[in-house]
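Chemist: here is a sequence together with a model predicted from it:
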Amino acid sequence: MKENRDSSPRVISIELTPVVIPFQEIVREAMSKSGGLGMAIPAEEAWNGIDCAICKMTDEAGNVGLGESYVWWPETGTSPNQIIEVIREALARYVLGESPFSVERICRRMDNNVARSEMAKGLLDMACYDLMGKVKGVPACEIMGGKAVDIPMSALIPLMDAGGMVFLAKLFVDQGHRTLRLKMGHGIEEDVGIIKAMRKEFGKQVRIRVDYNQAYSPEKAVEAIQAIEPYKIDVAEQPVAATDFVGMAYVQKRVKTPLMAHEGCFSLSDIVTLAELGGIGAVGINTERPGGITAALKAMDFALQHRMGIIIHNQSAGISSAVLLHLAAARFSSLGHAIELFGYVMLEDDLILDPIDYSGGIGRLPAGTGWGITLDEAALDKYSTCRTVKLTLP
């Protein structure tokens, strides 16, 4: 990454496509039975699939780097078209004509000239790492200082009645998963019933983390987490409102279980602020938060320095899933938790030609250079919502 930016091929074009990928019918049916979202987040609109911005970045040697940013209005407050517009109007100029190996310089210039917009910046940043791997002829995790390794996976269990959640969990445990993330938050008594049912079924053979999706006030969150702590919980995710950093600190100081922020944690400064307040005991990472690979690596190193666990999870399509597997491999010894990539279960298509191998509850890095994947151009065309925007050097 310290290679002279003039000695490697420069970026000559950026292609940006907005897509919507529907959930599989069985997923939509399961979510409808649980109230429509499968979680306690107070969104009113149906959640029928994922919206993404896809990036193809080409250098002058013909290498293509890929990126994917997954967004959802109730959490990210933006859309694929808005991400594309930010890049078209403001960010592309700091990438076109540059070597992808100048990614630190590119990120610095983007930050200096465009406030926030981490998801748009991260989309470009991701594609740079894919290009770097392809130029060097190595997997992207090696560019980040790691090596290919098998990654233990967590399963996501949507919020429904305890019996239904145990049934789904058993399917994944029988496949080899040894960590479960349980959606919670319809009430403390119901939360306890779900955890008790899980421990009765699986005993100590599985690790459990819970996700409240902002369900409780700080005071109620303390009560809720303390009620399930006897059942050995690894992490409690976002128990209070996304913007209530002080509330997160209030809860963390009164419970033993590490907290993780998600809906309200979008930047490196968010992570640092929450840590300094004493509001988190684990750092959550995906390709959108804190935005791309460069920021994610810094966040993970921050977590290691502060002795906090790292949880990588997302319900994205194939590009982002491959990215996160490489990211996990780059800091594998520092994670402390199984990663969770559930797009392959939920989505009717992942936009890549060769599926990633998740058999036996293990995520395996795609073989090849960069992310090791190839974009399915036919699927991109099928799920795109408008024409691709192509930006080139003047």
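Modeler: That came in fine, so what should we check first? Numbering: from 1, shown residues only.
Chemist: where does F266 sit, in terms of helix or strand?
Modeler: Assigned by DSSP states H and E, F266 falls within no helix or strand.
Chemist: which non-adjacent residue is nearest A224?
Modeler: Once flanking residues are discounted, A224 sits nearest to I188: 4.8 Å by C-beta to C-beta, 6 or more residues apart in numbering. C-betas here are computed from N, CA, C, even on glycine.
Chemist: the one you found contacts A227, doesn't it?
Modeler: Yes - counting by C-beta atoms under 8 Å, I188 touches A227, with 5.4 Å between them.
Chemist: out of those two, which sits in the busier spot?
Modeler: I188 (19 against 14; other C-beta atoms under 10 Å).
Chemist: confidence score at that one?
Modeler: Looking at I188, its pLDDT is 98.
Chemist: so where's the stretch 101-250 of the chain shaky on pLDDT?
Modeler: Within the stretch 101-250 of the chain, no stretch has pLDDT under 70.
Chemist: how about the strands of it, start to end?
Modeler: 151-152, 154-157, 179-183, 207-211, 236-237 (DSSP state E, counting those that start in this stretch).
Chemist: counting by contacts, list what the second one packs against.
Modeler: Using 3 or more C-beta pairs under 8 Å, 6 or more residues apart in numbering; DSSP states H and E as the contact criterion, the elements in contact with strand 154-157 are helix 162-175, strand 179-183, strand 340-341.
Chemist: give me the contacts around the longest one.
Modeler: By that I understand helix 162-175. Residues outside helix 162-175 that contact it (C-beta atoms under 8 Å, 6 or more residues apart in numbering): 30, 33-34, 155, 157-159, 180, 182, 190, 193-194, 197-198, 201-202, 205-206, 359-361.
Chemist: so which of the helices and strands packed on strand 154-157 gets nearest E45?
Modeler: strand 179-183 (17.9 Å; C-beta to C-beta).
Chemist: need the helices and strands packed on strand 154-157 in CSV (columns: distance to P18 and mean neighbour count).
Modeler: Shown next, in CSV, are these (distance: least, C-beta to C-beta, whole Å; neighbours: other C-beta atoms under 10 Å):
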stretch, distance to P18, mean neighbour count
helix 162-175, 31, 16
strand 179-183, 28, 23
strand 340-341, 22, 24
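Chemist: dump those to TSV, plus distance to E60.
Modeler: TSV is the format used below for the helices and strands packed on strand 154-157 (distance: least, C-beta to C-beta, whole Å):
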stretch	distance to E60
helix 162-175	45
strand 179-183	43
strand 340-341	33
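Chemist: closest to S79 out of those?
Modeler: Closest to S79 of the helices and strands packed on strand 154-157 is strand 340-341 (C-beta to C-beta; 22.6 Å).
Chemist: now find how far off-centre the closest one is within its chain.
Modeler: 8 Å (C-alpha atoms, centre = their mean, to the nearest Å).
Chemist: of the contacts of helix 162-175, just the buried ones, ChimeraX syntax please.
Modeler: To isolate the buried ones among the contacts of helix 162-175 in ChimeraX, judged by 16 or more other C-beta atoms under 10 Å, type:
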select :30,34,155,157,158,159,180,182,194,197,198,201,202,206,361
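Chemist: mind checking which of the contacts of helix 162-175 are in helices?
Modeler: Among the contacts of helix 162-175, the members falling in helices (DSSP state H) are 30, 33, 190, 193-194, 197-198, 201-202.
Chemist: export the strands of the stretch 101-250 of the chain to TSV and tack on distance to L393?
Modeler: As requested, the strands of the stretch 101-250 of the chain are exported to TSV (distance: least, C-beta to C-beta, whole Å):
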stretch	distance to L393
strand 151-152	37
strand 154-157	42
strand 179-183	44
strand 207-211	44
strand 236-237	43
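Chemist: among the ones in helices among the contacts of helix 162-175, which one lies nearest to N81?
Modeler: The shortest approach to N81 among the ones in helices among the contacts of helix 162-175 belongs to A30, at 29.3 Å (C-beta to C-beta).
Chemist: ok, the closest one - contacts?
Modeler: With C-beta under 8 Å, 6+ apart, A30 has these contacts: 38, 158, 160, 168.
Chemist: do you know how far the nearest residue to the second one once chain neighbours are set aside is from Q226?
Modeler: On the basis of C-beta to C-beta, 6+ apart, the spatially nearest residue to P158 that is not a chain neighbour turns out to be G38, at 3.0 Å. G38 is 25 Å from Q226, where distance means C-beta to C-beta, to the nearest Å.
Chemist: who's more crowded, the two?
Modeler: More neighbours surround G38 than the other of G38 and Q226, with 21 against 15 (other C-beta under 10 Å).
Chemist: the more buried one contacts R181, correct?
Modeler: No - counting by C-beta under 8 Å, G38 does not reach R181; the two are 11.8 Å apart.
Chemist: near the closest residue to D191 other than its chain neighbours, how many other residues are there?
Modeler: Leaving out its chain neighbours, the residue that sits closest to D191 by C-beta to C-beta, 6+ apart is M184, at 4.8 Å. Using other C-beta under 10 Å, the number of residues around M184 comes to 30.
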